[in-house]
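J.: fold the following and give me the result.
(one chain, ligands or ions: 4)
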Amino acid sequence: MGGMSITYDLHSHSLASDGTLAPDALLRAAHAAGVDVLALTDHDTTDGLAEAAATAGALGMQLVPGVEVSVSWQGQTVHVLGLGIDPASPELQAGLAGLREFRDWRAEEIGRRLARAGIGGAYTGARALAQGRIVSRTHFAQFLVEKGHADSVRDVFRRFLVNNRPGYVSGRWAELETALGWIRAAGGLALIAHPARYRMTSTKLRRLIGEFRECGGVGMEVVSGSHSRDNVQAMAALCRNQGLLASSGSDFHDPENCWIRLGELPALPAGCKPVWESEHWPLQ
Ligand code: AMP
Ligand code: MN
Ligand code: MN
Ligand code: MN
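T.: Numbers count the residues shown, from 1 in each chain. Ligands and ions are numbered 1, 2, ... in the order given. Coordinates of the predicted model:
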């Protein structure tokens with residue numbers, strides 16, 4: 001190992017969305033785990049970035065200001081990362097505010113549907129867990145586990161809140177082109193988050209990549225906390241033959257309950273061009 005290698009983690013969540021650590025604590029945990037460059041990419045909000053930037057400065061770490069935008073594409077929810085965004089962008093903020101309005105309506109609707117399935121108090125419970133920040137299905141999952149309706153958050157996502165299960169509400173998020181417009185307006189780079197998680201056929205995934213690129217998208221996550229080793233190999237091959245830049249991120253939410261621990265991401269497979277080595281990379 002060369003002593004000069006830099007450890008990147010370009011996907012993480014704080015209390016501003018559905019993570020369990022405050023931005024300050026997240027940066028400290030990442031720093032302690034040996035991460036040199038961390039992107040904070042909360043769902044549909046940039047509210048954690050100011051606190052994260054202050055801590056990053058104090059620790060001598062590099063913070064990549066980011067966001068994970070919820071998109072609806074061909075009837076499915078797809079997540080798009082915007083990295084190196086300027087959170088002061090009015091276009092970006094107006095767009096994210098619209099997504100949060102849908103989130104608020106959806107949270108009430110999830111509560112009504114769970115009530116019809118015999119589970120009361122879910123909206124109030126999830127709201128309380130979200131502590132006035134965005135309400136995510138993760139908060140409903142925490143509520144359902146606390147009330148003994150499921151053994152774990154993973155178990156919830158098998159039995160509730162997903163298609164054909166109680167508490168499911170279909171997403172009506174941003175259009176792909178619209179979301180990429182916001183990211184571009186904010187000066188950020190757009191990347192497809194955890195592409196292997198969508199369970200798309202490779203034909204459909206290539207169609208997504210084609211449209212994504214036409215809208216100005218430049219890369220995709222190859223290494224993700226939620227990708228298996230086989231997923232990483234498959235996404236690396238796709239990334240190379242589609243000529244996209246490759247990214248790597250833990251998608252960290254919670255030290256007690258994570259896909260992969262901070263600082264323990266595997267290396268990008270050979271032949272992938274890392275997004276941080278591209279001329280587009282916002283931080284040098
Ligand atoms: P939302 O954006 O509110 O629909 O919530 C989506 C979030 O739920 C994701 O960002 C994950 O944090 C979480 N999630 C989705 N599926 C799972 C799963 N199978 N296990 C654990 N968490 C999940
Ligand atoms: Mn999440
Ligand atoms: Mn995601
Ligand atoms: Mn994420």
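J.: low pLDDT regions in the stretch 1-150 of the chain?
T.: For the stretch 1-150 of the chain, the stretches with pLDDT under 70 are 1-3.
J.: can you classify whichever residue of it sits closest to ligand 4 by secondary structure?
T.: In the stretch 1-150 of the chain, the residue that lies nearest ligand 4 is E68 (4.8 Å; Cβ to the ion). Backbone N, C-alpha and C define where each C-beta goes, glycine included. What DSSP: H, G, I helix; E, B strand; the rest coil gives for E68 is strand.
J.: what about it, how many neighbours?
T.: Applying other Cβ atoms under 10 Å, we find 25 residues neighbouring E68.
J.: and W105, by the same measure?
T.: 12.
J.: doesn't A39 make contact with G249?
T.: Yes: with contact defined as Cβ atoms under 8 Å, G249 reaches A39; the gap is 6.7 Å.
J.: overlap in contacts of those two?
T.: 9-12, 81 (Cβ atoms under 8 Å, 6 or more residues apart in numbering).
J.: could you dump those to JSON lines with neighbour count?
T.: Shown next, in JSON lines, are those (neighbours: other Cβ atoms under 10 Å):
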{"residue": "D9", "neighbour count": "26"}
{"residue": "L10", "neighbour count": "29"}
{"residue": "H11", "neighbour count": "29"}
{"residue": "S12", "neighbour count": "30"}
{"residue": "L81", "neighbour count": "30"}
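J.: restricted to strands, list these.
T.: Among those, DSSP state E puts 9, 81 in strands.
J.: quick one: secondary structure of A179?
T.: helix.
J.: and the residue of the chain found nearest ligand 4, how many neighbours does it have?
T.: Residue of the chain nearest ligand 4, by Cβ to the ion: D251 (4.3 Å). Number of residues near D251 (other Cβ under 10 Å) recorded here: 25.
J.: what parts of the stretch 1-150 of the chain come near ligand 4?
T.: E68 (Cβ under 5 Å from the ion).
J.: the stretch 1-150 of the chain: helices as residue ranges?
T.: According to DSSP state H, counting those that start in this stretch, the stretch 1-150 of the chain carries its helices in the segments 23-32, 49-59, 90-116, 122-130, 137-146.
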